[in-house]
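In: Build the 3D model from these lines:
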Amino acid sequence: MTGSDVADAVRALIEEVPAGKVVTYGDLGHAVDVGARQIGRILASGGHDVAWWRVVDASGHPPENAQDAAADRYVAEGTPFHRTGGRVTVNLSVCRWSINGQGHITTPQGDDARAAGR
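Out: Numbers count the residues shown, from 1 in each chain. Sure, this is the predicted structure:
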């Protein structure tokens, strides 16, 4: 895949994540066979028009420079999170979606989100 193809695939996967759910940089990287840091670079350079707040680090944190904006989106979407010392943390055990090797997003229980019409 070229760099442009990877960016397009990442953007498409993010668009599949429903409101109230999140994926990690690593989840996306695994799905498109690149590192988590490359996912961060893709979002930093051109991810402002996708649901960027639905992508968090492995600890459940949105981008450090966008904590308040992400928290506003989480409130609007009903995404479970908390603040500790000003840092926002999403409850990954409740709202994390996993991405299988073919790029299809599935719930942690393994239901195919597309088949379920989500």
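In: Go through the top helix by length along the chain and flag the buried ones.
Out: Counting by DSSP state H, the longest helix found in the chain is helix 3-16. Buried residues in helix 3-16, defined by neighbour count with 16 or more other C-beta atoms under 10 Å: 6, 7, 9, 10, 11, 13, 14, 16. Using the backbone N, CA and C atoms, a C-beta is placed for each residue, glycine as well.
In: Closest one of the residues you listed to residue 76?
Out: If you rank the buried residues of helix 3-16 by distance to residue 76 using C-beta to C-beta, residue 14 comes first, at 17.0 Å.
In: ok, that closest one - contacts?
Out: 23, 28, 47, 50, 51, 52, 54, 55 (C-beta atoms under 8 Å, 6 or more residues apart in numbering).
In: so of those, which ones are in helices?
Out: Those of these mapping onto helices are residue 28, per DSSP H.
In: Among the contacts of residue 14, which one lies nearest to residue 80?
Out: Nearest to residue 80 among the contacts of residue 14, with distances taken as C-beta to C-beta, is residue 54, at 13.2 Å.
In: How many neighbouring residues does the closest one have?
Out: Neighbourhood size, residue 54 [other C-beta atoms under 10 Å]: 25.
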